[in-house]
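Enquirer: task: produce atomic coordinates for the following.
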Amino acid sequence: MNISAIRGAITVEENAPDAIIKNTSYLLQEIIKRNQLQLSNIISIYFTATEDLDTAYPAVAARQLGITQAALMCFQEMKVVDSLQKCIRVVVQVSTNSTQAMMNHVYLKEAAKLRPDLIQK
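Expert: Numbering: from 1, shown residues only. Coordinates of the predicted model:
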């Protein structure tokens, strides 16, 4: 088995707990689906949120999806002038038979602007 990292991000319409959890859940579900992951193969997930998202921890969404054995950490994204606002980013570390080059990274909504080179057509 290999350890690979999957990157992703999504923007949120408003700084509200439901919006943060719903959008994070959608992002994680897309990562799981596009990479054909089993929840038991998720080692850890690192979440960052921009400073304008402070009403809920994105990790709550992972727990609600049944990701209960993986280590989860939430951080505040570094503030950069003119950067994308209301954005949640993730790094999902997985145990897999696939190589790092085979991982499907997921950038949704306005976050697709962050890595247009990784967007699936």
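Enquirer: please verify my assumption that residue 20 contacts residue 54.
Expert: No: contact between residue 20 and residue 54 fails when scored by C-beta atoms under 8 Å: they sit 9.1 Å apart. Any C-beta I mention is one placed from the backbone N, CA and C, and that applies to glycine too.
Enquirer: of the two, who's got more company?
Expert: Neighbour totals were compared for residue 20 and residue 54, and residue 20 leads with 24 against 11 (other C-beta atoms under 10 Å).
Enquirer: so who does the more buried one touch?
Expert: By C-beta atoms under 8 Å, 6 or more residues apart in numbering, residue 20 lies in contact with 12, 49, 53, 55, 56, 58, 61, 88.
Enquirer: contact partners for the closest residue to it other than its chain neighbours?
Expert: Once flanking residues are discounted, residue 20 sits nearest to residue 56: 4.3 Å by C-beta to C-beta, 6 or more residues apart in numbering. By C-beta under 8 Å, 6+ apart, the contact set of residue 56 is 16, 17, 20, 21.
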